[in-house]
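1. sequence below, structure please.
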Amino acid sequence: MNTTQRRTHILDYLKQADRPLSATALARRLSVSRQIIVGDVALLRAAGEPISATPRGYVLERPRPGLSRTVACLHSGADMERELTLMVDQGCTVENVIVEHPVYGQITGPLDLSSRYDISEFLRKVEEHAARPLSLLTGGIHLHTLRCPGEDAFQRAAAALDEAGFLVR
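-> Predicted structure coming up:
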């Protein structure tokens, strides 16, 4: 299989996937190294393919149903799990985290968290890699883009965040 065929297969797998696919999983399917997949995906992205890297793997960006809203939050790193849980428990997907860095400008980290399981896997990876939350770069202030099934779900999430003292007005 040549590189063009392999990249076509990567896109096909991502189009058919109902969950993120890791570079390791794609490498196994295509009998190449993980690093080859990482390079292929980088080149596909550079060519304009809408592929995002999430903490759980690659996803092909598709129009998603629901309402997109942004919330501004402030809390310590210790409250990250509670904050994320408040949002997903209301039926919302936490699509990303965004911080406004004084030197680099806007930095966005894709999350795609829709359940408590997703949150636990994300936090496991944070711990495993001794990663620090992006919000620590900005004194705890950050934004989240939420994908909600409707306005009522967003209002419940915003109210829960406000009640917990996390919502910045």
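
2. would you list every one of the helices in the protein?
-> Using DSSP state H, the helices found in the chain span residues 3-16, 23-30, 34-46, 80-88, 116-128, 151-163.

3. list the buried ones in the last one?
-> So the one you mean is helix 151-163. 153, 154, 156, 157, 158, 160, 161 (16 or more other CB atoms under 10 Å). Every C-beta, even on glycine, is put in place using the N, C-alpha and C of the backbone.

4. out of the helices of the chain, which comes closest to residue 138?
-> Among those, the nearest to residue 138 by CB to CB is helix 80-88 (13.9 Å).

5. pull out the buried residues from that closest one.
-> For helix 80-88, a neighbour-count test (16+ other CB under 10 Å) marks 80, 83, 84, 85, 86, 87, 88 as buried.

6. stretch 44-62 too?
-> Buried, per 16+ other CB under 10 Å, within stretch 44-62: 44, 51, 52, 53, 54, 55, 56, 57, 58, 59, 60.

7. then stretch 1-18?
-> Those would be 6, 7, 10, 11, 13, 14, for stretch 1-18 by 16+ other CB under 10 Å.

8. hmm, the second one is touching residue 44, no?
-> Yes: contact between residue 7 and residue 44 holds when scored by CB atoms under 8 Å: they sit 5.7 Å apart.

9. show me what contacts the residue positioned nearest the centre of the chain?
-> Centroid-nearest residue in the chain: residue 111, 1.5 Å away (criterion: CA atoms, centre = their mean). Contact analysis of residue 111 by CB atoms under 8 Å, 6 or more residues apart in numbering lists 54, 55, 94, 95, 96, 97, 122, 144.

10. got it, and residue 7?
-> Listed by CB under 8 Å, 6+ apart, the contact set of residue 7 reads 40, 43, 44.

11. now those residues in a markdown table, with distance to residue 149 and pLDDT?
-> Below are the contacts of residue 7 laid out as a markdown table (distance: CB to CB, whole Å; pLDDT from 0 to 100):
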| residue | distance to residue 149 | pLDDT |
| --- | --- | --- |
| 40 | 34 | 95 |
| 43 | 36 | 92 |
| 44 | 31 | 94 |
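
12. let me have those in CSV, extended by distance to residue 128.
-> Shown next, in CSV, are the contacts of residue 7 (distance: CB to CB, whole Å):
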residue, distance to residue 128
40, 25
43, 28
44, 27
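
13. for the helices of the chain, give me a markdown table that also has distance to residue 65.
-> Below are these laid out as a markdown table (distance: least, CB to CB, whole Å):
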| stretch | distance to residue 65 |
| --- | --- |
| helix 3-16 | 17 |
| helix 23-30 | 26 |
| helix 34-46 | 24 |
| helix 80-88 | 17 |
| helix 116-128 | 18 |
| helix 151-163 | 12 |
